[in-house]
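Participant: Pasted the sequence and its predicted model underneath.
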Amino acid sequence: MKAGVFIVDDHYMVIEGIRSLLQHEKNIDWLGHAANAASCLSFLKQQQPDVLLMDISLPDKSGTDLCKEVKLLYPAVFVLGLSTFNQQAIIRNMMDNGASGYILKNADKEEVLEAIRVVLTGKTYFSPEAAVSMKETGKEMPLVTRREKEVLRLIAAGLTNAEIAGQLFISIPTVNTHRKSLLEKFDAKNTAILISKAIRQGII
(Lines give C-alpha, C1' and ligand atoms only; values in the text may rest on other atoms or scores of the structure.)
Protein backbone atom coordinates (compact mmCIF):
# COMPACT_ATOMS: atom_id res chain seq x y z
CA MET A 1 0.00 0.00 0.00
CA LYS A 2 1.30 3.45 -0.95
CA ALA A 3 1.95 6.12 1.65
CA GLY A 4 0.55 9.53 0.76
CA VAL A 5 3.20 12.23 1.31
CA PHE A 6 2.71 16.01 1.30
CA ILE A 7 5.25 18.76 2.00
CA VAL A 8 4.82 22.26 3.37
CA ASP A 9 7.87 24.46 2.77
CA ASP A 10 8.34 27.95 1.36
CA HIS A 11 11.56 27.12 -0.51
CA TYR A 12 10.93 25.97 -4.06
CA MET A 13 14.30 24.22 -4.35
CA VAL A 14 13.62 22.14 -1.24
CA ILE A 15 10.19 21.11 -2.55
CA GLU A 16 11.58 20.23 -5.96
CA GLY A 17 14.49 18.35 -4.42
CA ILE A 18 12.33 16.15 -2.23
CA ARG A 19 9.72 15.69 -4.95
CA SER A 20 12.42 14.46 -7.35
CA LEU A 21 13.63 12.02 -4.69
CA LEU A 22 10.20 10.57 -3.94
CA GLN A 23 7.88 10.91 -6.93
CA HIS A 24 9.02 7.71 -8.68
CA GLU A 25 9.17 5.56 -5.55
CA LYS A 26 6.65 2.70 -5.86
CA ASN A 27 5.58 2.92 -2.20
CA ILE A 28 5.11 6.70 -2.22
CA ASP A 29 2.09 8.60 -3.46
CA TRP A 30 3.28 12.20 -3.92
CA LEU A 31 0.28 14.39 -3.07
CA GLY A 32 1.84 17.80 -3.66
CA HIS A 33 3.04 20.76 -1.63
CA ALA A 34 2.07 23.99 0.09
CA ALA A 35 4.23 27.08 0.55
CA ASN A 36 2.60 28.25 3.79
CA ALA A 37 0.46 27.12 6.71
CA ALA A 38 -2.80 28.49 5.30
CA SER A 39 -2.41 26.54 2.04
CA CYS A 40 -1.47 23.42 3.98
CA LEU A 41 -4.58 23.60 6.15
CA SER A 42 -6.72 24.26 3.09
CA PHE A 43 -5.34 21.12 1.42
CA LEU A 44 -5.89 19.02 4.55
CA LYS A 45 -9.58 19.90 4.54
CA GLN A 46 -9.86 18.06 1.22
CA GLN A 47 -7.36 15.25 1.68
CA GLN A 48 -5.07 13.96 4.45
CA PRO A 49 -1.66 12.48 3.69
CA ASP A 50 -0.17 9.66 5.71
CA VAL A 51 2.99 11.70 6.25
CA LEU A 52 3.39 15.47 6.23
CA LEU A 53 6.92 16.83 5.79
CA MET A 54 6.83 20.18 7.57
CA ASP A 55 9.34 23.02 7.50
CA ILE A 56 9.70 24.63 10.92
CA SER A 57 10.00 28.15 9.46
CA LEU A 58 7.00 29.23 7.40
CA PRO A 59 6.05 32.76 6.30
CA ASP A 60 2.66 32.89 8.05
CA LYS A 61 3.10 30.59 11.06
CA SER A 62 5.85 28.62 12.75
CA GLY A 63 6.05 24.95 11.88
CA THR A 64 5.75 24.05 15.55
CA ASP A 65 2.43 25.89 15.84
CA LEU A 66 1.20 24.39 12.58
CA CYS A 67 2.24 20.92 13.75
CA LYS A 68 0.20 21.33 16.92
CA GLU A 69 -2.83 22.49 14.91
CA VAL A 70 -2.55 19.67 12.38
CA LYS A 71 -2.27 17.00 15.09
CA LEU A 72 -5.29 18.47 16.86
CA LEU A 73 -7.40 18.45 13.69
CA TYR A 74 -5.98 15.34 12.02
CA PRO A 75 -4.36 13.10 14.68
CA ALA A 76 -3.83 10.26 12.19
CA VAL A 77 -1.42 12.36 10.08
CA PHE A 78 2.24 11.72 10.93
CA VAL A 79 4.32 14.90 10.91
CA LEU A 80 8.04 14.88 10.10
CA GLY A 81 9.85 18.09 11.04
CA LEU A 82 12.06 19.35 8.23
CA SER A 83 14.73 21.96 8.83
CA THR A 84 18.28 23.20 8.38
CA PHE A 85 18.47 23.69 12.17
CA ASN A 86 19.44 20.91 14.55
CA GLN A 87 19.41 22.75 17.88
CA GLN A 88 17.96 20.64 20.67
CA ALA A 89 15.43 23.26 21.81
CA ILE A 90 13.95 23.55 18.30
CA ILE A 91 13.75 19.78 17.83
CA ARG A 92 12.20 19.26 21.26
CA ASN A 93 9.63 22.00 20.63
CA MET A 94 8.59 20.30 17.40
CA MET A 95 8.33 16.92 19.11
CA ASP A 96 6.38 18.39 22.04
CA ASN A 97 3.83 19.68 19.53
CA GLY A 98 3.16 16.24 18.09
CA ALA A 99 5.81 15.56 15.44
CA SER A 100 6.82 11.93 14.95
CA GLY A 101 10.31 12.71 13.76
CA TYR A 102 12.82 15.29 12.62
CA ILE A 103 15.11 15.30 9.59
CA LEU A 104 17.46 17.86 8.13
CA LYS A 105 17.13 19.26 4.63
CA ASN A 106 20.45 17.74 3.60
CA ALA A 107 19.01 14.22 4.00
CA ASP A 108 19.48 11.85 1.05
CA LYS A 109 16.75 9.73 -0.50
CA GLU A 110 17.48 6.67 1.64
CA GLU A 111 17.17 8.69 4.83
CA VAL A 112 13.92 10.40 3.79
CA LEU A 113 12.40 7.03 2.85
CA GLU A 114 13.62 5.48 6.10
CA ALA A 115 12.14 8.36 8.12
CA ILE A 116 8.77 7.94 6.39
CA ARG A 117 8.84 4.17 6.90
CA VAL A 118 9.71 4.49 10.60
CA VAL A 119 7.05 7.07 11.51
CA LEU A 120 4.40 5.07 9.66
CA THR A 121 5.03 2.24 12.15
CA GLY A 122 4.28 4.64 15.00
CA LYS A 123 7.91 5.03 16.03
CA THR A 124 10.06 8.16 16.26
CA TYR A 125 12.78 9.01 13.73
CA PHE A 126 15.66 11.47 14.14
CA SER A 127 18.27 12.21 11.52
CA PRO A 128 21.76 11.33 12.85
CA GLU A 129 22.60 15.02 13.42
CA ALA A 130 19.31 15.60 15.25
CA ALA A 131 19.88 12.50 17.39
CA VAL A 132 23.29 13.81 18.43
CA SER A 133 21.77 17.19 19.22
CA MET A 134 19.21 15.56 21.51
CA LYS A 135 22.01 14.40 23.80
CA GLU A 136 23.04 16.61 26.68
CA THR A 137 26.54 16.17 28.12
CA GLY A 138 26.63 12.69 26.66
CA LYS A 139 23.33 11.65 28.22
CA GLU A 140 20.26 11.42 26.03
CA MET A 141 17.39 13.56 27.25
CA PRO A 142 14.11 11.70 27.69
CA LEU A 143 11.53 12.09 24.95
CA VAL A 144 8.29 13.09 26.60
CA THR A 145 4.96 12.89 24.79
CA ARG A 146 2.55 15.81 24.85
CA ARG A 147 0.23 13.96 27.25
CA GLU A 148 3.12 13.02 29.54
CA LYS A 149 4.16 16.66 29.59
CA GLU A 150 0.63 17.68 30.63
CA VAL A 151 0.67 15.09 33.42
CA LEU A 152 4.15 16.21 34.48
CA ARG A 153 3.09 19.84 34.77
CA LEU A 154 0.09 18.90 36.91
CA ILE A 155 2.26 16.67 39.13
CA ALA A 156 4.60 19.63 39.57
CA ALA A 157 1.60 21.78 40.49
CA GLY A 158 0.88 19.36 43.35
CA LEU A 159 -2.27 17.70 41.99
CA THR A 160 -3.18 14.17 43.03
CA ASN A 161 -3.68 11.38 40.48
CA ALA A 162 -7.44 11.71 40.86
CA GLU A 163 -7.28 15.47 40.28
CA ILE A 164 -5.04 15.03 37.24
CA ALA A 165 -7.44 12.42 35.84
CA GLY A 166 -10.37 14.80 36.28
CA GLN A 167 -8.57 17.74 34.69
CA LEU A 168 -7.34 15.79 31.65
CA PHE A 169 -10.48 13.65 31.27
CA ILE A 170 -8.54 10.40 31.55
CA SER A 171 -8.76 7.50 34.02
CA ILE A 172 -6.72 7.25 37.22
CA PRO A 173 -4.96 4.05 35.97
CA THR A 174 -3.91 6.01 32.86
CA VAL A 175 -2.44 8.74 35.07
CA ASN A 176 -0.60 6.04 37.03
CA THR A 177 0.80 4.63 33.77
CA HIS A 178 2.02 8.07 32.68
CA ARG A 179 3.55 8.70 36.11
CA LYS A 180 5.45 5.37 36.04
CA SER A 181 6.62 6.05 32.48
CA LEU A 182 7.91 9.50 33.48
CA LEU A 183 9.79 8.09 36.50
CA GLU A 184 11.42 5.53 34.20
CA LYS A 185 12.29 8.01 31.45
CA PHE A 186 13.92 10.42 33.89
CA ASP A 187 15.52 7.63 35.93
CA ALA A 188 13.91 9.17 39.01
CA LYS A 189 13.26 7.25 42.23
CA ASN A 190 10.47 9.54 43.35
CA THR A 191 8.29 12.45 42.29
CA ALA A 192 10.53 15.12 43.84
CA ILE A 193 13.54 13.93 41.82
CA LEU A 194 11.35 13.66 38.71
CA ILE A 195 10.21 17.29 38.98
CA SER A 196 13.72 18.51 39.78
CA LYS A 197 15.19 16.79 36.69
CA ALA A 198 12.37 17.99 34.45
CA ILE A 199 12.87 21.60 35.56
CA ARG A 200 16.65 21.35 35.15
CA GLN A 201 16.24 20.06 31.58
CA GLY A 202 13.73 22.78 30.70
CA ILE A 203 10.82 20.42 30.09
CA ILE A 204 8.57 22.15 32.64
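Facilitator: Arrived safely, thanks for sending. As the structure is a prediction and not an experimental result, all values here were calculated from the model.

Participant: got a list of what residue 71 touches?
Facilitator: When the contact criterion is CB atoms under 8 Å, 6 or more residues apart in numbering, the partners of residue 71 are 77, 79, 97-98. Every residue, glycine included, has its C-beta placed from N, CA and C.

Participant: Go through the residues you listed and flag which are in helices.
Facilitator: Nothing among the contacts of residue 71 maps onto helices, per DSSP state H.

Participant: biggest helix in this protein by residues?
Facilitator: For the chain, the helix with the greatest residue count under DSSP H is helix 172-185.

Participant: And the contacts of that helix?
Facilitator: With CB under 8 Å, 6+ apart as the test, helix 172-185 has contacts from 142-144, 147-148, 151-152, 155, 161-162, 164-165, 168, 188-191, 194.

Participant: ok, of the residues you listed, which come out buried?
Facilitator: For these, a neighbour count by 16 or more other CB atoms under 10 Å gives the buried set as 142, 144, 148, 151-152, 155, 161, 164-165, 168, 188, 194.

Participant: Widest-spaced pair of the residues you listed?
Facilitator: By the measure CB to CB, 142 and 165 form the most distant pair in the buried ones among the contacts of helix 172-185, at 22.6 Å.

Participant: helices and strands of the protein: which one bottoms out on pLDDT?
Facilitator: In the chain, the helix or strand scored least confidently by mean pLDDT, DSSP states H and E is strand 139-140, which has a mean of 54.

Participant: ok, then the element right after that one?
Facilitator: helix 146-156 (DSSP states H and E).

Participant: What helices and strands are in contact with that next one?
Facilitator: helix 161-168, helix 172-185, helix 191-200 (3 or more CB pairs under 8 Å, 6 or more residues apart in numbering; DSSP states H and E).

Participant: Make TSV out of the buried ones among the contacts of helix 172-185 and add distance to residue 174.
Facilitator: Putting the buried ones among the contacts of helix 172-185 into TSV (distance: CB to CB, whole Å) gives the following:
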residue	distance to residue 174
142	19
144	16
148	11
151	9
152	14
155	14
161	10
164	9
165	7
168	8
188	19
194	17
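
Participant: now the chain, which segments are flagged as low pLDDT?
Facilitator: Residue ranges of the chain with pLDDT under 70: 136-141, 202.

Participant: Pick out the residue closest to the middle of it.
Facilitator: Per CA atoms, centre = their mean, the C-alpha nearest to the average position across the chain is that of residue 99, at 1.6 Å.

Participant: And that residue, how far from residue 148?
Facilitator: Computed with CB to CB, to the nearest Å, the distance linking residue 99 and residue 148 is 15 Å.

Participant: ok, residue 119 touching residue 101?
Facilitator: Yes - counting by CB atoms under 8 Å, residue 119 sits close enough to residue 101 to count as a contact (5.0 Å).

Participant: quick one, which of these two is more surrounded?
Facilitator: A direct count of neighbours by other CB atoms under 10 Å for residue 119 and residue 101 places residue 101 higher, at 25 against 20.

Participant: residue contacts, the residue nearest to the more buried one when sequence neighbours are not counted?
Facilitator: Leaving aside its sequence neighbours, residue 101 sits nearest to residue 125 (CB to CB, 6 or more residues apart in numbering; 3.5 Å). Under the criterion of CB under 8 Å, 6+ apart, the neighbours of residue 125 are 80, 100-103, 114-115, 118-119.
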